[in-house]
Structure formats: C-alpha cells, structure tokens
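Participant: my questions concern the predicted model and sequence given below.
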Amino acid sequence: MLSEILFKYLPYWPLFVIFLILSLFTAWFYLRTSAPMYEITASIMLKDEKKGASDGEIRKELNQIEDNKIVENEIEVIQSRTVMQNVVKNLHLYASIYEEDKLIPRSAYNTSPILVTAYDPDQLTSNPKVQFSYNAKESIVSIGTHKYPMNSFVKTPYGEFKFIPNPHQLGQPQSSLYFTLNSPKVEASNLLGMLRATASTKLATVLSLKLKDPDPRRGEDILNELFVVYNKAAADDKNRLAANTTAFVDERLKSVEKQLADIEKKGQSFKSSQNAVDIGTQGQLFLQSVNANDQKLADINMQLSVLDQVEGYVKSKDKTQGIVPSTLGLADPSLPKLVTSLYEEESKYEKMKLTVGENHPQLLAIKDQITKLQPGLLENIQNQRASLKASMNQLQTTNHGYNNTIASIPQKEKELIDISRQQAVLSNLFLFLTQKKTDALLSVNHESEARIIDKAQASFGPVSPKSKLIYMVTIILAMIIPVALISAKELFNRKILFRHEIEQLTNAPIIGEIIFDRSKDPVVIQEGKRTFIAEQFRRMRTSLGYLGGTSGKKKLLITSSLSGEGKSFVALNLAQSLALTSRKVVLVELDLVNPSLSNKLNVSYEMGASNYLMGECEPEDIIKRTAVNSNLFFLPAGPLQENPSELLMSEKINDLLKYLEDVFDVIIIDSAPASLLSDAYVLSPLADMTLYVVKHKFTPKTYIEKLDMDNNGNSLKNMRIVFNGIRSRGFTKNGYGYGYGYGYIHDNSSKKKKQPARSKR
C-alpha cells in the first residue's frame, strides 16, 4: 500500500515541497500576527435558600419572589449584555491601551501609566488608533499637538475624557502608546464571545467560568468585576421588593396612627366632660365581643386593600413592569403563589430578553405563559374579594345586633364603650403594621448572592493559538492539497493516463508499452543499440515470437483510434526489431488517406499499393529494400486516390497478401485509424493479428470504451493493445509511472507468459 502511494505521488515531490514551504510560512505568519490568548478560570457557588440558616416565616411572608436559584437562569444573567456592559464601564475597557509593535500590538493594561475615562461612554464612536504620550513630571497627556491635564474632564477631538493614573501598572512601556475607542456595547459583545459559564453538575449550584483574553491580568480583573456587578444586580433586585413592602406598610401606618391619635383624644375629652371613668359588666362583655368582631373587619379591610394593589399590579403588566406588591395578611395561600409565579415568569422574560431576540421560541413561550397567568390571577382576586365582602356583610350584620344591645346601655356608658372599641381596634392594627415594617426592614439583603469559591486565575501560558497543532495541521494540509490536486487532475482527465484504465475499458490484452521518445528519430532500434525504448520494442518482439516459422502466422495489422497516436512509428520500429532477427520483413503502407511511413524512411516513390490495386503494376515492381536494414523491405502507399476504402475491398488485396506471404517471413501492415475509417476493419480479417495503438495523454477514453462494442459486430481479429508515448509523471525525467510494466516475456522452458515485477500506478 505504501509503495503504491509513493509510486503515485513521489514524481510530484517538488509540488509537495512548494506547498510545504508555503504552509509553514503561513503558519509562522499566523502565529506571529495572532495575539496569544490566556484562559482565566473562576468558580462561584449560588446560594440555596433551602440549605443552611433560614429567616423563618418573616422571609416567606414578606419576600414572595424568594426561591431557589435556577442555575440556567443565573448563567443567562452572568452572560447578559447588561452585566458585561457594566463591567466594561467600571474597568474603562472601552478605551483599550496598547504598545506599538511591528506585526501585532501588545496590551498595555499593566504598563500604561494612565487610564482613559469617558464622560459618557455610551456616546463613544469607534476610533481605531489614538497616539498619545505622558509626561510624568508635569502630569500632562499629549495627543498630537494638544496637551491635557490629569484627573479632570477635558474635551478632545475624540470626545470628553478624563485621564487618571493606572492602578494596574506593574512596569514601564517599551514602545510608544496609543488607545482605541469602542462602544461599550461592542466591547461587551466581544468579551461575551470569549466567556463561558457552565454548571459543574446538574444537582449543584456551583458555576465554573472561563474567559479567554490576550492579557492575563486584565482577564482576571474582568472576571472578578463580573462577580461584583452580578452580586450588586441581584441584591438590588431583592432590595427593591423590600422597599416596596416597607412603603406600603408606612402608608398604612400613617393613616392608622392618625386615626388612633384622634380616637384617643376623643376618649380623653369624653371622660373629662362626662366624668365617665368606668363601664359596667355588661359593657365590658360587649366591648370584648365588639373588639374581636372589629378586629376581623379591620383584617378584612386590609386584605381588600392588598387585593386592590395586587389587581392594579396585574392589570398594569402590559404597560409597565413594576415590583410585585406585598401580599401580607391574605388568608388564601394560592394568590401569593400565583403572584410569585407571575413575577418569576416576568423576571425570567426580562433577563432572557437581554440575551436573545424578541422572536426567540423560548422568549415567546414565556410571554405566552405570562398571558395565561394574568386571567387566573384576576379571577382569584375577584373570588377572594367576593368571599371577603360576604364575610364583611356577615360581620356587619352581627354588629347591627350589637348596636341594638347598646340601646339598652346607659348613654354615657354606651358612648364610652364605642370609643374604647375603636381605640382597641386601631391599637391592634397599629401593632400589627409596626411588626410587619420591622420584618420588612430585616429582610433587606446586605449579603452577596454568590460565594466565590476560586478567584479568577489565569493560565500559566497561552492556550491559543496552539503552535504545535497549527504546524501539524499545515503540514497535513501541505500533503493533502497536492494529493487532491493530482487526484482531481487525473480523475477528471478524459484521456488515457494509466495502463489499468485500458484494462478496465477493454478485454484486449496489452502486449507492450512504449515510452515517449524525445529524440524525434523515427527509427529508435538499431543493431547494438541498447536504449530503454529499443529494449521495449525487443520485449514486444519477444511477445510476438510465435509469428513466422512453422506457425504460418505472418500478417500483422497495426491501427489506432486517431491520427497522431504513433501507429506508423510502432509499425516501423517493430518491423525493424523483427528484421534484426534475420527475418525477411516487409512493411506495407496501406494507410491510403494519410500515409507517413515514406516520410519516416525519407524515401519517395511514385508507385505503390494504390497502383497495384488499380492494376497498373505488379508487386515486385513496388517492393523496395530499405536503407535501414537489408532484411527490411517497404511497400509504399503510392498516389492517394479518391476511393481508398473501395480499393482495399478489391480481390487484388488478397492476391497481394498471398504473394507477400510466400516471399517474406513477416508482413506488417500500417492501416488508417479504425475510429475514422473502415479500412482497418476491412484488412483485419485478412491479418493474423491486430495491434491497436493507444497513446498516453492523447487517446480519449470513449474510443477505448467503444472498442469492445465495435468488436461485437465487426471485430478486429486477434486484437492486442500497444500503450505508446508514455510520458514521465510529475517532475521526474526517467520515471514512467503510468503503466504497470513493459510487456510480457515468453519463457520457452515453461511455455508460460511471465510478467516481471510490476510498478503500480
């Protein structure tokens, strides 16, 4: 297998060398012009409210949206554009500072003496390169011909900036400095493309973060700042809920406090004016019953007020997004759960909207869920309101009975009971609201939402580009591309290139292979001449060794598909090869359309085969001995006629061949191309064997494909193939790798044909 591959592609070794040099140079240039990327890693653990210390019922009652962290949601938050834009602004990454270099600039995050702070980063426009210098003695920053002081906002041609000392500086710059400006949105998108956040396992709340950055120190600062921004955003979200609840309770407290103060003043005034100090036993019992009843009415009124706020919140969801109101005091637990579900879906929608488009399938599904929750919430509110009003009506009916009882109590005692009743109700409500306000204040979140397990740490060396891998890939490509080009060239070539293609297209055996002769000499085989092409003709002669002698097979027809395939060249040199064995050989030129043997032998005869076939002369008049070899004779074609095919079909052609067979040992007939004229099919039945010449890189495959089909109806007798004009492959001069071997050698001892060691494609 390896030898086959080497044999096929080794002749093109200069092509492989060129591609290898180009690939290695490309890899080197890519590595030289690509900034090395470091990998910064960190891990955090999200808080799980079901584990560890709990705030008890207070937290459950006041913080209705509090729930276990959904890791996938938090990953989306961490990787959101809003969070990353805040990181970019906090670290001033919209103005990146670099040191000049020949091929690729170096980050000056740790070497620049200053940082550039924009007055309004969101209004920045991209600017690829702003050269500057810094004078430490005078604390002056120079941009072109303009000089600007430190630590104050100044207007420049590129925007309004403030230049501040760089707290990250660890060394001095080695070359000139410049900064580039970019929108925080664009810079955040670039960083998000390098950030990956994944959960360690499905059951854990530990997140692993990885960031690739050309500056390891900058990458560490980015991840650390990312944790700060994330924790602040989560804390702000929870604290807004606590503030909303506190505001609601404060509003109710002010109203109750005012009412309580008024009723206390009224009670004191009544006792002073009426000298009423105590009430009777009946009044005491009545007051206790009324207090309990009024407490229930106050509780119902408060629940109705909460329902009004929740209803207003739900109905306004399509217009503005608010913070979910507190549902404290509601007896039915289903409504807080529905409100919590609505808020969670709304919060999830807002968070996901930061990272995906408005038509994203998941976003549309969440929006549909929100739409479905709202009718259920409103229906629940209406049901609860109806139930509470029914309870209120019942309590008011009971109060009406109490009023009838009051009529039997003396007037002064009656009024005092009424005042005491109102005072007790308001006092209980005031205490209840005060407790809830305290609980709300205690629920304010002052702790971070994520615990840092591993702070950001950069890899010790660059993780990309990987030089070994890149060089390996380029070397492989340098091998694959030439192989593909060579294979494609040979695959799509419609001319005969390889011996095996001939063997696949026809059943006729290949009797010889002849290399391309660059000398242009028509006769390549001479007495004592031991060239490679001469040996090929000798091998072919050996394969034809049964011709002549006692076998009686003397006539050999040579033809081809097209003109120019070298049939006359093969005929002449094969005849010369046979003549060198002391046989009398006659070379008959019966290509009466385009004869060329006369030119190859450098002779000119006025009469030839056409004259004999027309009855103008006898065979002995036109047969001439050649100057090439005393045993080689030549019968020229003679003057060209208008009807050569009809001449060859005359009976005189049989007489001519019979005459030649009696005189000569071997008769070699050079015929016209078989695919253009029918001459070869007329002469082939008269011959003992037909040699069909196929030329390398010249003969179309379609002609060879049709060869067997033509033979089914009008065959070429005893056909053999001669593969002629085989050129060297690739850039080699002496390698002829398009064939399998160069013919068959006849072994007299075993009477079998043996094939020498073959060189494959």
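Facilitator: Okay, I see it.
Participant: only C-alpha atoms for contact and neighbour calcs from this point on.
Facilitator: OK.
Participant: what does stretch 26-46 rub up against?
Facilitator: Applying CA atoms under 8 Å, 6 or more residues apart in numbering, the contact partners of stretch 26-46 are 69, 103-104, 205-216, 219-220, 223, 449-465, 467, 470-471, 474.
Participant: just the buried residues of the helix or strand harbouring P336, please?
Facilitator: Here P336, judged by DSSP states H and E, is contained in helix 334-353. Residues 335-336, 338-349, 351-353 are the ones in helix 334-353 that count as buried (16 or more other CA atoms under 10 Å).
Participant: just to revisit the earlier point, so which of the contacts of stretch 26-46 sit within strands?
Facilitator: 206-213, 450-458 (DSSP state E).
Participant: buried stuff in stretch 649-659?
Facilitator: Result for stretch 649-659 [16+ other CA under 10 Å]: buried residues I653, L657.
Participant: state the mean pLDDT of it.
Facilitator: Averaged across stretch 649-659, the pLDDT comes to 90.
Participant: before we move on, the earlier item: please indicate which of the contacts of stretch 26-46 are buried?
Facilitator: Buried, going by 16+ other CA under 10 Å: 205-216, 219-220, 223, 449-450, 452, 455-458, 462, 464, 470-471, 474, out of the contacts of stretch 26-46.
Participant: right, and the helix or strand after the helix holding P336?
Facilitator: From helix 334-353, the next helix or strand downstream (DSSP H and E) is helix 361-406.
Participant: got the angle between that next one and helix 334-353?
Facilitator: Using axes from the mean of the first three to the mean of the last three CA atoms, to 10 degrees, the inter-axis angle of helix 361-406 relative to helix 334-353 is 150 degrees.
Participant: ramachandran coordinates for N127?
Facilitator: Main-chain torsions, N127, degrees, to the nearest 10: phi -140, psi 120.
Participant: following element in sequence after the longest helix belonging to the chain, please.
Facilitator: Counting residues, the longest helix found in the chain (DSSP state H) is helix 216-274. Sequence-wise, the next helix or strand downstream of helix 216-274 (DSSP H and E) is helix 281-315.
Participant: tell me which residues of that next one are tucked away?
Facilitator: Result for helix 281-315 [16+ other CA under 10 Å]: buried residues 283, 286-287, 290-291, 293-300, 302-304, 306-307, 309-311, 313-314.
Participant: one more: stretch 506-514?
Facilitator: Under 16+ other CA under 10 Å, the buried positions of stretch 506-514 are T506, A508, I510, I511, G512, E513, I514.
Participant: surely the fourth one is in a strand?
Facilitator: Yes. Note on I511: a strand contains this position according to DSSP: H, G, I helix; E, B strand; the rest coil.
Participant: tell me the SS of I668?
Facilitator: Criterion first, three-state DSSP; result for I668: strand.
Participant: before we move on, what about L683?
Facilitator: helix.
Participant: test for you: state the pLDDT assigned to it.
Facilitator: 89.
Participant: list the contacts of it.
Facilitator: Contacts of L683 (CA under 8 Å, 6+ apart): L557, L648.
Participant: mind checking how far it is from G461?
Facilitator: With the distance defined as CA to CA, to the nearest Å, L683 ends up 82 Å from G461.
Participant: what comes into contact with stretch 602-615?
Facilitator: 589-590, 592, 598, 617-619, 622, 635-641, 644, 647-648, 650, 652-653.
Participant: swap in stretch 666-677?
Facilitator: Contacts of stretch 666-677 (CA under 8 Å, 6+ apart): 547-548, 554-563, 567-568, 571, 575, 583-594, 660-661, 679-681, 703.
Participant: can you rerun that using 7 Å?
Facilitator: 548, 554-563, 568, 571, 575, 584-591, 593, 679-681 (CA atoms under 7 Å, 6 or more residues apart in numbering).
Participant: of the residues you listed, which belong to strands?
Facilitator: Short answer: these in strands (DSSP E) are K555, L556, L557, I558, T559, S560, V585, V586, L587, V588, E589.
Participant: neighbour-wise, give me the winner out of the residues you listed.
Facilitator: Among the ones in strands among the contacts of stretch 666-677, T559 has the most neighbours (other CA atoms under 10 Å), with 32 neighbours.
Participant: report the contact partners of that one.
Facilitator: K567, D670, S671, A672, P673, A674, A680, L691, Y692, V693.
Participant: now render the residues you listed as JSON lines, adding distance to H146.
Facilitator: Output for the contacts of T559, formatted as JSON lines (distance: CA to CA, whole Å):
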{"residue": "K567", "distance to H146": "87"}
{"residue": "D670", "distance to H146": "94"}
{"residue": "S671", "distance to H146": "94"}
{"residue": "A672", "distance to H146": "91"}
{"residue": "P673", "distance to H146": "88"}
{"residue": "A674", "distance to H146": "90"}
{"residue": "A680", "distance to H146": "95"}
{"residue": "L691", "distance to H146": "92"}
{"residue": "Y692", "distance to H146": "89"}
{"residue": "V693", "distance to H146": "86"}
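Participant: among those residues, which one lies nearest to I721?
Facilitator: Distance to I721, by CA to CA, is smallest for Y692 among these, at 4.8 Å.
Participant: so the closest one: helix, strand or coil?
Facilitator: strand.
Participant: distance of it relative to K389?
Facilitator: Taking CA to CA, one finds Y692 at 112 Å from K389.
Participant: higher neighbour count, those two?
Facilitator: A side-by-side neighbour count of Y692 and K389, using other CA under 10 Å, places Y692 first with 25 against 16.
Participant: check what pLDDT the more buried one gets.
Facilitator: Per-residue pLDDT puts Y692 at 93.
Participant: surely it touches V722?
Facilitator: Yes. Between Y692 and V722 there is a contact under CA atoms under 7 Å: 6.0 Å.
Participant: domains of this structure?
Facilitator: 35-235, 242-452, 499-746 (automatic domain parsing).
Participant: can I get these in CSV with distance to L20?
Facilitator: Listed next are the domains of the chain as CSV, based on distance: least, CA to CA, whole Å:
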stretch, distance to L20
domain 35-235, 23
domain 242-452, 44
domain 499-746, 16
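Participant: quickly, which of those domains bottoms out on average pLDDT?
Facilitator: Minimum mean pLDDT among the domains of the chain: domain 242-452, a mean of 72.
Participant: the spatially most central residue of the chain is in what secondary structure piece?
Facilitator: Geometric centre of the chain, nearest residue: G193, 14.4 Å, by CA atoms, centre = their mean. Assigned by DSSP H and E, G193 belongs to helix 184-194.
Participant: quick one: E642 from L592, how far?
Facilitator: 9 Å.
Participant: many thanks, have a good one.
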